[in-house]
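1. Below is the structure, and that's it, no one-letter string:
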């Protein structure tokens, strides 16, 4: 399996020699990302074996989002706020619906019934719900009254960004600090292979995450070009394709954990990543835009994106609040995701 | 009791001899439907005694909806899409709020506390929520941008219809196939009378359902005429009166089961019927419109109808997710239903 | 502590001698309300020790809302319907989010984990959800079609008001009558001090409530003047400041109970008060407006207010449906409250 890591240098070489060969670069980056994702998921499980699935999931989600943060800061510097917001909303919806839904489905196809800690899922659903409320307000107010609200929206976004970051910090303090015993693993999965020593696991996580970020950038760019060439709409590519591809490595870890009956780890990666983007990455980008952007960014999203995030949060909450899952638990999540994906795919260009 | 079955031929005779005597036909059809409903509910309970309440409820709901499907296909052939959609939305709201709420209330007035399988209620609430999301999207997009979206709405409706049917099929595979043990009856009711042998019960179900469908058609038509004569608005008649009358026989079964402390059967009929209409009947009508209608039908509903379906699904989910019921469990469902009914009754004609 | 009661006559004297000295009156009324609130909370706990927390909470909430009812009737007589509606909506949102959230937070900072009866919280969340649906409909219909709906809105409001009062009465019959055993206290708190005899406790409750109402009126008026002088918007003052100040005494009781590990009492006061305002006080004011107002009042609210009430009801339902709380349980409630408060504070004047 590990000999496939040879594709990692090959894809970098290809990007330097033939930057216009999008289809070739696409194939090469897929071949390169697969062994990297496998390494990443083994390293995550090795860390989780020491620290518990809550911390392991958080670590995996954080490293995954770190790369998104780096890419977003580059877009921020270029003033491409529409792109940044589309990638935030797309990542939240994709992680909440597709990654969680597929984990339930794939895990459930192997195991008849699975359990996970409902306290953890509930905490993250509530945080996600809160974040969508915070994003709903500036968008709703702006729709209602479009005159003279630019300054208002900007100040409001700054305040809400601070509030979300504080809430995220309090959530970590609660789940990893004062009440960590409430968030212990409920599942009964075991790592099939012997875990690596913790030092090697963390070093692998960090190095492989950097490699994944670099390959992903090539991946995302070639996919975008290829998707546009296939006649896909801008909204579909930004919201669905980029979000799916950008989270490929996290998904590999989440799905692998679900297959090994470690749903706590899967839920921790999927919902934990969505929560982190909504309550930490997005607000940090708003604050960072003051320092590095050409103009401040606000938290005002396209109304359709806010509605999708709200529906995603409610669906995840409905499905995951019992702490028990079977294969069908994934179906409503994936079906709602398909409703969104089909709509965006078919949406006439001018309406987006 | 059974001598009352004599009213069944009488109503058919009346319809042939005096088709304009709406009030007489209304009274006769009520008198005819009562003994038929009693037969139907006894046959349903006899089947459920063999198969469990999940299958029994599904069978009852399917036979009830079969008649609605037949009537809707006639309307489809005539191109009356507004009527078809109003009857779909009305049936979903009425089954979810009125039938379920009255079952809780009537069962609770006889039994201090009742139990039912919460897994079953949760599965159906989630499916209903998913269906309302799927109906929300084409309606919302259409409101947002009314130019050049006709083709888009049509293609979208076709895709969503297929998705809903697949989801419905997967739900049946899950609840009756791979995980049937999760959906076993939780209630402790017993049939008071000795159940019929299964062959006789199924034959009765089929024959009586056909008779109910024929009588219902006379019933619905005469009620519509009578209601209009009483000055009721079109919206109220289509959404409330027709839906109530059309589901009279299913309601008789659901209420009778609740009084006998078999809430699993009641929930199976009420929510199961709503889920089947939303995820199976409505999509099938969209697909069928390509073959038999003058033009394809889409899944775009009057926004008020979508909001009512969404609120109905959320209320049912809030009330039924614990698996415990008492008389007051029915009150919020019936109160929300009354809010809708009063609003539609009072709505000025031009606003509908 | 009790010597501070001397400020009660002082504030009445001050109001008579220097009605324009708003800052002085503000300080004096704060000093007077603190010992009154302490008396009130001790009296409430003494009653609850005899009757259980459900009845104790209801009594406290009723007395608190009685003063709001008296103030609202004065505003009704003056035809200030905007003010009445803002105070209703503000009280519902403040009690549901701020009072409940702070109770969870303050109780959780002292006790690692707390329990309360989830049946009680669920009943009240569902009732609150129902009330927001009932308020949503006339507002939504009015937005959709603004011509010729005045008479419709008025008749609809009258019907919905009656429906809400009946539902509230049925809720009391259920929780205090037929199924009172379901709503027994789940918490394990004990009154630290010996409770007063029941007669003395009830007499104290009544007398102190009257004094609190009189002081609150001075308090609210001086705060409004002071807040406007500080440049706060009308919407913020009406929705947030007045609601917070008007419920100061109830909050003192709820917070004190939470610190003593009697969350059932806190939840009973916070949600019970919100439910009572939504399902009893507001409808009674609509009915009363026919007798005493210059024109009938309707139930049509500013759409933003309806959305805030709906979000508040959903958040309370998400957070409180397990019957377990820790300090973080208060964070989402308070964060949503802050989102609303910040938005109203920043809202440009013309948009309100």
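-> That came in fine, so what should we check first? Because the structure is a prediction, the values reported are computed rather than measured. Numbering: from 1, shown residues only, chains lettered A, B, ... in the order given.
2. State the distance from the residue in chain A that chain B sits nearest to to residue C:103.
-> Residue of chain A nearest chain B, by Cβ to the nearest Cβ: residue A:328 (3.9 Å). C-betas here are computed from N, CA, C, even on glycine. Distance, residue A:328 to residue C:103, by Cβ to Cβ, to the nearest Å: 38 Å.
3. Would you mind telling me which of those two has more residues around it?
-> Shown here are residue A:328 and residue C:103; by other Cβ atoms under 10 Å in any protein chain shown, residue C:103 has more neighbours (31 against 23).
4. Give me the next element, helix or strand, following the helix or strand containing the more buried one.
-> In the assignment (DSSP states H and E), residue C:103 maps to helix C:100-110. Scanning forward in sequence from helix C:100-110 by DSSP H and E, the next helix or strand is strand C:114-115.
5. and that next one with chain A, contact?
-> No. Using Cβ under 8 Å from any Cβ of the partner chain, strand C:114-115 stays clear of chain A, with a minimum separation of 12.0 Å.
6. List the neighbouring strands of that strand plus their orientation.
-> With DSSP bridges as the test, strand C:114-115 is paired with strand C:324-325 (antiparallel).
7. now the partner strand: mean pLDDT?
-> Averaging pLDDT along strand C:324-325 yields 87.
8. Test my guess that residue A:139 contacts residue A:306.
-> Yes. Shown here, residue A:139 and residue A:306 form a contact pair, counting by Cβ atoms under 8 Å, at 5.0 Å.
9. thinking again about what came up before, does the helix holding residue C:103 come close to chain A?
-> No. Interface with chain A: helix C:100-110 contributes nothing (Cβ under 8 Å from any Cβ), its closest point being 9.1 Å away.
10. which strands and helices sit next to that helix?
-> With contacts taken as 3 or more Cβ pairs under 8 Å, 6 or more residues apart in numbering or on different chains; DSSP states H and E, helix C:100-110 sits against strand C:114-115, helix C:248-259, helix C:263-276, helix C:303-320, strand C:324-325, helix C:330-346.
11. elements contacting the last one?
-> In this case it means helix C:330-346. The contact analysis (3+ Cβ pairs under 8 Å, 6+ apart) places helix C:330-346 against helix A:118-144, helix A:150-172, helix C:100-110, helix C:234-236, helix C:303-320.
12. just the longest one next, same as before
-> Based on contacts counted as 3+ Cβ pairs under 8 Å, 6+ apart, the elements that helix C:303-320 packs against are helix A:118-144, helix C:81-93, helix C:100-110, helix C:118-144, helix C:263-276, helix C:330-346.
13. Let me know which of these is tucked in deepest.
-> Of all those, helix C:263-276 carries the top mean neighbour count, a mean of 31, counting by mean count of other Cβ atoms under 10 Å in any protein chain shown.
14. Averaged pLDDT, that one. What do you get?
-> Per-residue pLDDT values over helix C:263-276 give a mean of 89.
15. quick one, what contacts the residue lying closest to residue A:21 once chain neighbours are set aside?
-> Setting aside the residues directly before and after it, residue A:21 is nearest to residue A:14 in space (Cβ to Cβ, 6 or more residues apart in numbering or on different chains), at 7.2 Å. Residue A:14 is in contact with A:21, A:24-25, A:28, counting by Cβ atoms under 8 Å, 6 or more residues apart in numbering or on different chains.
16. In JSON lines, list these along with neighbour count, pLDDT and secondary structure.
-> Shown next, in JSON lines, are these (neighbours: other Cβ atoms under 10 Å in any protein chain shown; pLDDT from 0 to 100; DSSP: H, G, I helix; E, B strand; the rest coil):
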{"residue": "A:21", "neighbour count": "14", "pLDDT": "81", "secondary structure": "coil"}
{"residue": "A:24", "neighbour count": "14", "pLDDT": "84", "secondary structure": "helix"}
{"residue": "A:25", "neighbour count": "22", "pLDDT": "83", "secondary structure": "helix"}
{"residue": "A:28", "neighbour count": "24", "pLDDT": "85", "secondary structure": "helix"}
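17. Wait, residue A:218 touches residue A:22, no?
-> No. Using Cβ under 8 Å as the test, residue A:218 is too far from residue A:22 to be in contact (9.7 Å).
18. Flag every buried residue along stretch A:303-317.
-> A:304-317 (16 or more other Cβ atoms under 10 Å in any protein chain shown).
19. Which of those sits closest to residue C:243?
-> Nearest to residue C:243, judged by Cβ to Cβ, of the buried residues of stretch A:303-317 is residue A:310 at 25.6 Å.
20. what's the pLDDT at that closest one?
-> In this prediction, residue A:310 has a pLDDT value of 91.
21. Before we move on, what's the pLDDT of the residue nearest to residue A:21?
-> 87.
22. follow-up on the earlier one: from memory the residue of chain A closest to chain B sits against residue B:123, does it?
-> Yes. Look at residue A:328 against residue B:123 with Cβ under 8 Å: they come within range, at 7.4 Å.
23. Could you name every residue contacting both of those two?
-> Joint contacts of residue A:328 and residue B:123 (Cβ under 8 Å, 6+ apart) are B:171, B:174.
24. burial measure for residue A:99, as a count.
-> Every residue meeting other Cβ under 10 Å relative to residue A:99 is counted, giving 29.
25. and it, what does it touch?
-> Going by Cβ under 8 Å, 6+ apart, residue A:99 touches A:247, A:250-251, A:254, A:269-270, A:273.
26. cutoff 10 Å now
-> A:91, A:243-244, A:247, A:250-251, A:253-255, A:258, A:266-267, A:269-271, A:273-274, A:333, A:337 (Cβ atoms under 10 Å, 6 or more residues apart in numbering or on different chains).
27. same question, residue A:106
-> Contacts of residue A:106 by Cβ under 10 Å, 6+ apart are A:254-259, A:266, A:327, A:330.
28. among the residues you listed, which ones are buried?
-> With burial judged by 16+ other Cβ under 10 Å, the buried subset of these is A:254-259, A:266, A:327, A:330.
29. so which residue of the stretch 51-200 of chain A comes closest to chain C?
-> As assessed by Cβ to the nearest Cβ, chain C sits closest to residue A:174 within the stretch 51-200 of chain A, at 3.9 Å.
30. Which residue, other than its chain neighbours, is closest to that residue?
-> residue C:328 (3.9 Å).
31. pLDDT value on that neighbour, please?
-> Note for residue C:328: predicted pLDDT of 90.
32. Wait, it touches residue A:169, no?
-> No. At 11.4 Å, residue C:328 does not count as touching residue A:169 under the criterion of Cβ atoms under 10 Å.
33. Flag the shaky bits of the stretch 151-300 of chain A, pLDDT-wise.
-> By pLDDT under 70, the low-scoring segments of the stretch 151-300 of chain A are A:185-193.
34. For it, which residues are neighbours of chain C?
-> A:151-156, A:158-160, A:162-164, A:166-167, A:170-171, A:173-175, A:178-179, A:181-182, A:279 (Cβ under 10 Å from any Cβ of the partner chain).
35. Cool, thanks, signing off.
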